[in-house]
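Peer 1: Turn this into a model:
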Amino acid sequence: MPLRITPLTDPEPTPSSRRLAWLASDDGGVPVGSAFVRLFTKEGQDHLAELDGAVHPVERRRGAGTRLLDAAVGAARADRRRSLVAQAEAGSPGDLFLAARGFRRVLALTYARLPLADAPLDRITALAQQPHPGYTLVHWDDTVPPELARTFADSRRAMDDMPMEGTDHGTVVWDVERVVAVAETIAKRGELLHTVAALDASDGSIVGFSELVVPGDGRGDGQHYGTGVLPEHRGHGLGRWMKAESIRRARARHPGLDGLLTDTADSNAPMNAVNDALGYLPTHRAVEYQLDL
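Peer 2: Next comes the predicted model:
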């Protein structure tokens, strides 16, 4: 089948990345597939590119995926990227496609959902209200308050040692500008960002956080963006405490919300234990692949 691969322009680069895109179409101009490559630009991840591609099911096995992949790999190499990562649902055509084209499996993920109608809300509320001596909880909506911005940015290193197995993920370098930009991006999409954070009572610094993004109308499913605790404050149950409070507040504020989604590396035993304790149920598994450029 004759194919045309057309480069596209991403109209909205972010402060931490830019994106390249290609459209595959047949000889009649009908789109059959697309590919996007995100090029991270911030220090700590400027070696990394991320691939997201798809081909219409009826058009598969006709070369569109390979042509799109060639364009993406060539662009990542031309930009001197060291690694190209991509994710596919376990056992899907994308999983098989990446494995057959030189990518190697580097990370296994489990996606889970908390159905709020069936969630153990009494137990979750009890966990949220359980005292943790030496710590207090604080919460905010959208952008972090100015008086907490610096310590919140500093607390983001809680994610630096998140289990990534063999992934060449690098280190995300956070500053106040970046945490504000992320919140502004979510707001521009019409979504709501809710954050619960744990404070060290001795000095008021943030030592952990749990972020939840909810659709603007408060319906459907919310998405956990991350829960982390600084290494020196682990072992006190703060992750479960913050996530329980996040669930409790979301349920009270958004009664029309159906569920909450999360994804966790299979090797992250502590967070998987938190999810199990709070009633999250696995929905599917995914595989992260990496091509060393």
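
Peer 1: Can you give me every residue that contacts residue 32?
Peer 2: Taking CB atoms under 8 Å, 6 or more residues apart in numbering as the contact definition, residue 32 lies against 3, 24, 25, 26, 55, 56, 59, 62, 64. Where you see a C-beta, it was placed from the backbone N, CA and C, and this is true even at glycine.

Peer 1: Show only the entries of those found in helices.
Peer 2: Within those, residues falling in helices by DSSP state H are residue 64.

Peer 1: Would you show me how to pick out the buried ones of the contacts of residue 32 in ChimeraX?
Peer 2: To isolate the buried subset of those in ChimeraX, counting by 16 or more other CB atoms under 10 Å, use the following:
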select :3,24,25,55,59,62,64
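
Peer 1: May I see the contacts of residue 32 organised as JSON lines, with pLDDT and distance to residue 76 added?
Peer 2: Putting these into JSON lines (pLDDT from 0 to 100; distance: CB to CB, whole Å) gives the following:
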{"residue": "3", "pLDDT": "90", "distance to residue 76": "21"}
{"residue": "24", "pLDDT": "96", "distance to residue 76": "18"}
{"residue": "25", "pLDDT": "95", "distance to residue 76": "22"}
{"residue": "26", "pLDDT": "91", "distance to residue 76": "26"}
{"residue": "55", "pLDDT": "95", "distance to residue 76": "19"}
{"residue": "56", "pLDDT": "94", "distance to residue 76": "24"}
{"residue": "59", "pLDDT": "89", "distance to residue 76": "24"}
{"residue": "62", "pLDDT": "89", "distance to residue 76": "24"}
{"residue": "64", "pLDDT": "94", "distance to residue 76": "19"}
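
Peer 1: So which bits of stretch 220-235 are buried?
Peer 2: 222, 224, 225, 227, 228, 229, 230, 233.

Peer 1: hang on, isn't the fifth one packed against residue 158?
Peer 2: Yes: in terms of CB atoms under 8 Å, residue 228 counts as a neighbour of residue 158; the distance is 3.3 Å.

Peer 1: count of neighbours near residue 58?
Peer 2: Residue 58 has 7 neighbouring residues, counting by other CB atoms under 10 Å.

Peer 1: so what pLDDT did it get?
Peer 2: On the pLDDT scale, residue 58 is placed at 90.

Peer 1: pLDDT below threshold where in the stretch 151-293 of the chain?
Peer 2: Residue ranges of the stretch 151-293 of the chain with pLDDT under 70: 162-165.

Peer 1: Which stretches in it count as helices?
Peer 2: 176-188, 238-253, 269-278 (DSSP state H, counting those that start in this stretch).

Peer 1: okay, those, which one's buried deepest?
Peer 2: Comparing these by mean neighbour count (mean count of other CB atoms under 10 Å), helix 238-253 ranks first with a mean of 22.

Peer 1: rewinding a little: as CSV, the contacts of residue 32 with distance to residue 84 would be great.
Peer 2: Formatted as CSV, the contacts of residue 32 follow (distance: CB to CB, whole Å):
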residue, distance to residue 84
3, 21
24, 18
25, 24
26, 26
55, 18
56, 23
59, 23
62, 23
64, 18
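
Peer 1: nearest to residue 112, of the contacts of residue 32?
Peer 2: Comparing these against residue 112 with CB to CB places residue 55 closest, at 28.0 Å.

Peer 1: how about the strands in the stretch 1-150 of the chain?
Peer 2: With DSSP state E, counting those that start in this stretch, the ranges of strands along the stretch 1-150 of the chain come out as 3-9, 17-26, 31-40, 48-55, 83-89, 104-115, 135-141.
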